[in-house]
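> Structure for this input, please:
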Amino acid sequence: MSEKKPIDDVKEIIEIVKENIEDIKSDIKLIKQYIRKIEIRKEIEEQEAQRQENEYVIEKKGWWW
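A predicted model of the protein is given here:
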C-alpha cells in the first residue's frame, strides 16, 4: 500500500514542467542569438553595398565626347 499521494504526483508534474520551461528558455536564447547574427550580417552587407555605391564614380562627359 505504498501508493503515491496526489500531492506527490503534482510535485512531479511541476518538476517536469519546470524542466521544460528551462529548455524552452534556452531555445529562445539561442534563437535570439541566431537572429542577431543574421541582422548583423545584413547590416554589414548593406554597409558594404552603400560603400561600393559611394565609391562608384560617374565619368562626366566633356565637350569632346
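
> Give the helix, strand or coil label for residue 4.
Classification of residue 4 using DSSP: H, G, I helix; E, B strand; the rest coil returns coil.

> So which residue is dead centre in the protein?
By CA atoms, centre = their mean, the chain has its centre lying nearest to residue 35, at 2.2 Å.

> Could you report the distance from that residue to residue 29?
In this structure, residue 35 and residue 29 are 11 Å apart, going by CB to CB, to the nearest Å. Glycine gets a C-beta too; all of them are placed from N, C-alpha and C.

> Give me the helices and strands touching the one helix or strand the residue nearest to the centre of the chain maps to, please.
If you go by DSSP states H and E, residue 35 is part of helix 6-55. Contact here means 3 or more CB pairs under 8 Å, 6 or more residues apart in numbering; DSSP states H and E; on that basis helix 6-55 packs against no helix or strand.

> how distant is it from the center of its chain?
5 Å (CA atoms, centre = their mean, to the nearest Å).

> when you give positions from now on, start the count at 813
Right, with 813 as the first residue, what we last looked at is helix 818-867.
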